[in-house]
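In: What shape does this take:
(one chain, ligands or ions: 1)
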Amino acid sequence: MSEGTVKKEERRKFQAIKGTRDLLPPETALWNRVEQTAHAVFGTFGFGEIRTPVFEETELFARSIGLDTDIVSKEMYTFQDRERSEIPGVDRLRDLLGLLRRILTAEYGGEARDGSALLVPGDRGKLGREHVSVPITLRLGIDVAQELETVKDLQSFVANLDSSYSSELIPQTRQNYASSANIKRYYKQFTELLQASRETVSLGSFVQTLELLIESLGRLQLGYSLTLRPESTAAVCRAYIEHGMRSLPQPLKLYYVGPMFRREQPQTGRYRQFYQIGAEVLGGTDAPAIDAEVIEMVMTFFEKLELQSVQLEINSIGDRNCRPKYVELLRAELHKVKDKLGPDSQRRIETNPLRVLDSKLESEQAIIAKLPRIGDHLCKECADHYAAVKRELDLRGVKYRENWRLVRGLDYYMRTTFEITAQGLGSQDAVCGGGRYDGLVELLGGPPTKGIGFAIGEDRLILSLQESGKAPVARGRDVYIAWMGENARATAVRAAKTLRNAGFSVELPPVEQKFGKALGQADKLGAKYALILGDNEVTTGEWTLKTLADGTQRKVSEQQLIAELKKM
Ligand code: HAM
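Out: Numbering: from 1, shown residues only. Below is the predicted model of the structure:
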């Protein structure tokens with residue numbers, strides 16, 4: 001790279017990462033209104049807010065969402081909490097091993113590759129590997145005390161291994177337990193051999209011990225594999241188990257608002273950091289009224305926001321009794337038409353045939369329309385449950401359309417699934433998705449627990465509101481304080497404080513300005529009124545209040561100011 005290129009690189013402007021974006025005023029006012037409405041509406045349904053961390057153990061998502069899903073197989077932001085190279089002293093062990101290997105090569109009579117071999121005349125070729133006995137320290141000038149000093153950190157790392165587990169600094173996995181037993185053993189052998197190397201020592205066993213020690217240090221998984229949450233259902237279930245929330249009155253109703261992360265191809269309505277407003281109902285019964293009430297809650301929320309062209313689609317995808325048989329039937333039918341399907345669907349015949357039903361490919365639509373439908377293959381319990389959900393929705397006046405192809409892209413669903421679309425979202429038109437997931441808490445190590453929930457894509461919700469003209473316009477300042485002169489400064493500061501305490505939005509210029517300039521500035525900021533404070537106003541106590549829309553002015557006293565503004 002040329003110096004010019006480097007300079008250019010240093011001067012380059014930083015930009016938000018692809019697929020992420022800044023949310024700015026006045027748009028953020030709409031975000032706040034949406035979130036406030038969610039707090040209010042969800043509160044009326046008895047939901048409490050939960051905030052979980054933005055990253056969790058990778059395994060939590062892998063197990064919940066499913067390994068074959070798009071999210072887990074290609075969209076997660078995953079990183080190692082702590083790198084292996086953080087183990088102190090390992091580099092020195094490697095150097096030492098290199099050195100010993102070189103001598104060993106030479107002792108065998110082979111050529112030392114870099115010519116650094118230190119040979120004792122007469123040794124060459126005489127002795128086999130196991131029998132080579134040489135005073136290493138003497139020949140290499142290794143100072144044992146110095147060597148032990150260099151790996152002192154390693155020594156304390158090894159000594160503290162057990163307590164590191166109990167304080168969870170190191171993940172408590174079976175592999176780690178096995179590795180640490182080996183590490184302790186080989187570290188002990190290593191120090192013994194090092195001590196002995198002052199005299200003579202079998203070079204072969206020294207090399208071997210070092211190899212084993214380095215290898216077992218390398219096997220130790222120092223940190224957890226972590227992932228930025230691609231969704232929150234798994235995290236809420238984790239928290240439900242972790243905090244023993246089963247002992248609270250059931251079902252437990254929780255909701256959340258926050259950023260999620262998926263490495264998707266960015267486009268309008270699809271981001272790599274996006275926001276969800278979601279809710280989960282955990283524990284208690286799986287009564288169809290719960291499914292219906294959860295859906296009713298989202299619809300009420302959308303109604304309050306005046307979201308336009310809201311369409312609710314529902315389906316039942318059966319449970320572990322009936323779905324596997326249907327999936328096999330579907331797979332068999334798909335095999336018959338395999339040649340007519342695109343590569344994605346062909347792959348899914350094996351990995352997850354249900355997802356073929358999700359396909360938007362024009363050429364596949366006619367084929368999919370003829371496939372067997374899950375509704376005709378539900379077991380009696382699932383069919384009854386689904387019928388009851390529909391009755392409960394009718395009871396609540398919630399309009400829906402049945403869509404037998406609605407299977408959803410996450411593995412944890414069973415029975416009820418639903419999706420909601422809204423106006424102006426183009427191809428990314430799902431503004432909410434959800435469903436029932438009765439086995440999930442158990443899959444994560446908890447007790448058998450019922451569960452159902454949804455998540456709204458907040459970015460898409462906002463987009464749709466903006467498309468239909470529901471976005472707020474920027475709010476200007478109520479009062480701009482135009483002050484001039486040292487005397488007026490203190491009065492202006494006092495006036496700003498009084499006005500702000502009364503709830504008015506106030507702009508107080510930090511430095512003195514000529515009145516003409518100040519009024520121009522007030523106009524630009526969309527201020528409704530200018531409070532003019534000059535020497536005159538301060539001395540007489542008669543302040544000037546100007547209405548910027550029509551240029552009229554009136555005199556008010558400090559005491560009258562708030563009342564006067566409230567009247568206007
Ligand atoms: P999901 O269908 O993956 O479900 O996501 C829910 C909603 O999040 C989508 O309908 C969409 O509006 C929004 N969304 C997803 N990905 C993106 C993206 N890359 N950019 C913008 N918006 C996006 C879930 O996440 C489940 N956890 C929902 C759930 C909760 N099911 C039961 N409980």
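In: helix, strand or coil for whichever residue of the stretch 1-150 of the chain sits closest to the ligand?
Out: Distances between the stretch 1-150 of the chain and the ligand by Cβ to the nearest ligand atom are smallest at residue 71, namely 7.0 Å. C-beta coordinates here come from the backbone N, C-alpha and C atoms, glycine included. Under the three-state scheme (DSSP: H, G, I helix; E, B strand; the rest coil), residue 71 adopts helix.
In: who are the neighbours in contact with it?
Out: By Cβ atoms under 8 Å, 6 or more residues apart in numbering, residue 71 lies in contact with 61, 65, 230-231, 262, 409-410.
In: Narrow those to just the buried residues.
Out: Buried members of the contacts of residue 71, scored by 16 or more other Cβ atoms under 10 Å, are 61, 65, 230-231, 262, 410.
In: out of the residues you listed, who's near the ligand?
Out: 231, 262 (Cβ under 6 Å from any ligand atom).
In: Pull the most distant pair out of the buried ones among the contacts of residue 71.
Out: 262 and 410 (11.8 Å; Cβ to Cβ).
In: Spatially, what comes nearest to the closest residue to the ligand within the chain if we skip its sequence neighbours?
Out: Ranked by Cβ to the nearest ligand atom, the top residue of the chain for proximity to the ligand is residue 457, at 2.1 Å. Spatial nearest neighbour of residue 457, excluding adjacent residues (Cβ to Cβ, 6 or more residues apart in numbering): residue 431 at 5.7 Å.
In: my guess is the one you found is in a strand, correct?
Out: Yes - Residue 431 sits within a strand when classified using three-state DSSP.
In: Surely it touches residue 418?
Out: No - assessed by Cβ atoms under 8 Å, residue 431 is found out of contact with residue 418, at 11.8 Å.
In: so what does the helix or strand containing residue 28 touch, helix or strand wise?
Out: In the assignment (DSSP states H and E), residue 28 maps to helix 27-44. On a contact count with 3 or more Cβ pairs under 8 Å, 6 or more residues apart in numbering; DSSP states H and E, helix 27-44 meets strand 252-261, strand 273-282, helix 288-304, helix 458-467.
In: Quick one: closest of these to residue 24.
Out: Of all these, helix 458-467 comes closest under Cβ to Cβ, at 12.5 Å.
In: who's in contact with the next helix or strand after that closest one?
Out: The helix or strand immediately downstream of helix 458-467 is strand 479-483, counting by DSSP H and E. The contact list for strand 479-483 (Cβ under 8 Å, 6+ apart) reads 489, 491-492, 495-496, 499, 504-509, 512-513, 515, 518-519, 521-522, 525, 527-534, 548, 565.
In: and strand 479-483, C-alpha only, in PDB?
Out: Extracted as PDB, the C-alpha positions of strand 479-483 are listed here (Å, rounded to 0.1, in the frame of the first residue of the first chain):
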ATOM      1  CA  VAL A 479     -40.100  29.900  23.400                       C
ATOM      2  CA  TYR A 480     -36.900  31.400  22.100                       C
ATOM      3  CA  ILE A 481     -35.200  33.800  24.600                       C
ATOM      4  CA  ALA A 482     -33.600  36.700  22.900                       C
ATOM      5  CA  TRP A 483     -31.400  38.400  25.500                       C
END
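In: strand partners of it, parallel vs antiparallel please.
Out: When pairing is defined by DSSP bridges, strand 479-483 lines up against strand 506-507 (parallel), strand 529-533 (parallel).
In: can you list the ones you listed in JSON lines and add mean pLDDT, distance to the ligand and mean neighbour count?
Out: Converted to JSON lines, those look like this (pLDDT from 0 to 100; distance: least, Cβ to the nearest ligand atom, whole Å; neighbours: other Cβ atoms under 10 Å):
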{"stretch": "strand 506-507", "mean pLDDT": "97", "distance to the ligand": "36", "mean neighbour count": "19"}
{"stretch": "strand 529-533", "mean pLDDT": "97", "distance to the ligand": "41", "mean neighbour count": "24"}
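In: one step back: return the most buried member of the helices and strands packed on helix 27-44.
Out: strand 273-282 (a mean of 24; mean count of other Cβ atoms under 10 Å).
In: partners of it, with directions?
Out: Strand 273-282 is paired, per DSSP bridges, with strand 252-261 (antiparallel), strand 451-457 (antiparallel).
In: Could you dump these into CSV with distance to residue 172 and mean pLDDT added?
Out: Converted to CSV, the strands paired with strand 273-282 look like this (distance: least, Cβ to Cβ, whole Å; pLDDT from 0 to 100):
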stretch, distance to residue 172, mean pLDDT
strand 252-261, 27, 98
strand 451-457, 27, 98
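In: Noted, bye for now.
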